[in-house]
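S.K.: Need the 3D shape of this:
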Amino acid sequence: MSKKIQPSKLGIKLPDFLFICLVLANLALVGHLGLSDYQRGRLVADSQQNGEQILVWFENLALKHQDGSSISPQSCIPFSEEVHGQTGAKINTWKSCVEDLYGSNGPFHQYTNLLIPSAPAYAAKCDKHELDSSGAFIFEKLTANPAGPPSAGPMESGEKLLEGINIRLSLCDTGYYLIKIGEFKL
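M.R.: The predicted structure is shown next:
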């Protein structure tokens, strides 16, 4: 005697209905996560473009300094050995320079941290323990290393701006890793 399988008169059973709902919920979640990742990626790309503009500004600063043109802000002019003997020569610090650059009258006053708008646009280092550093610009001083590549360390607020300092500009991404944008010399 063989049993005949008879189709259900109700159509979709409860387990089938729950499976379809689960598949639809997964599709919605994947779509939401994909859109969210795309938007964060777009913000990181926009921040990188802003970083490239910062590099161009610093390269122009070096050219203006060599030509003797007027430089604004004055707090970013590196100390030169040529004016070392002059009395009253003031050595600018990184803190005063970066505050003037991102201040209300500075050339980068419109730049913000695109990933975390309430956080500052620049940070001393990219650190996952400092959540506000995600999306911030990181300026690192490069020191020559005779045995290999240069070593990089954060630009301290009291760092004196001396002519010839090599600085690397990076962006702290969403995973708290550095995205290197470029290097410039004061």
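S.K.: What strands flank the worst-scoring helix or strand of the chain on mean pLDDT, and is each parallel or antiparallel?
M.R.: Lowest by mean pLDDT, DSSP states H and E among the helices and strands of the chain is strand 151-154, with a mean of 87. Its sheet considered, strand 151-154 pairs with strand 137-143 (antiparallel) by DSSP bridges.
S.K.: What is the burial count for Y122?
M.R.: Counted with other CB atoms under 10 Å, the neighbours of Y122 add up to 21. Where you see a C-beta, it was placed from the backbone N, CA and C, and this is true even at glycine.
S.K.: nearest residue to it other than its sequence neighbours?
M.R.: The shortest distance from Y122 to any non-neighbouring residue, by CB to CB, 6 or more residues apart in numbering, is to F137 (4.5 Å).
S.K.: Which helix or strand contains the residue nearest the centre of the chain?
M.R.: In the chain, the C-alpha nearest the mean C-alpha coordinate belongs to L171, at 2.4 Å (CA atoms, centre = their mean). Here L171, judged by DSSP states H and E, is contained in strand 166-172.
S.K.: So which elements touch the helix or strand that comes right after that strand?
M.R.: Sequence order places strand 178-185 as the next helix or strand after strand 166-172, per DSSP H and E. Packing partners of strand 178-185 (3 or more CB pairs under 8 Å, 6 or more residues apart in numbering; DSSP states H and E): helix 14-67, strand 166-172.
S.K.: measure L161 to I71 for me?
M.R.: 12 Å (CB to CB, to the nearest Å).
S.K.: Kindly report the same for S96.
M.R.: 14 Å.
S.K.: got it, and F137?
M.R.: 20 Å.
S.K.: Which of the two has more residues huddled nearby?
M.R.: Higher neighbour count among F137 and I71: F137, with 24 against 16, using other CB under 10 Å.
S.K.: That one pairs with what?
M.R.: Beta-bridge partners, per DSSP bridges, of F137: Y122, L171.
S.K.: likewise L178?
M.R.: C172.
S.K.: low pLDDT regions in this structure?
M.R.: Low-confidence segments of the chain, defined by pLDDT under 70: 1-10, 81-89.
S.K.: What's the local residue count around the closest residue to L162 other than its chain neighbours?
M.R.: Distances taken as CB to CB, 6+ apart place F79 nearest to L162, at 5.2 Å, with adjacent residues excluded. F79: 18 surrounding residues under other CB under 10 Å.
S.K.: residues contacting F79?
M.R.: F79 sits next to 89, 91-92, 160-163 when contact means CB atoms under 8 Å, 6 or more residues apart in numbering.
S.K.: what's near enough to touch E183?
M.R.: 142, 166-169 are the contacts of E183 under CB under 8 Å, 6+ apart.
S.K.: Tabulate those residues (JSON lines), appending distance to I181 and neighbour count.
M.R.: Shown next, in JSON lines, are the contacts of E183 (distance: CB to CB, whole Å; neighbours: other CB atoms under 10 Å):
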{"residue": "L142", "distance to I181": "14", "neighbour count": "16"}
{"residue": "N166", "distance to I181": "14", "neighbour count": "15"}
{"residue": "I167", "distance to I181": "11", "neighbour count": "20"}
{"residue": "R168", "distance to I181": "8", "neighbour count": "18"}
{"residue": "L169", "distance to I181": "5", "neighbour count": "20"}
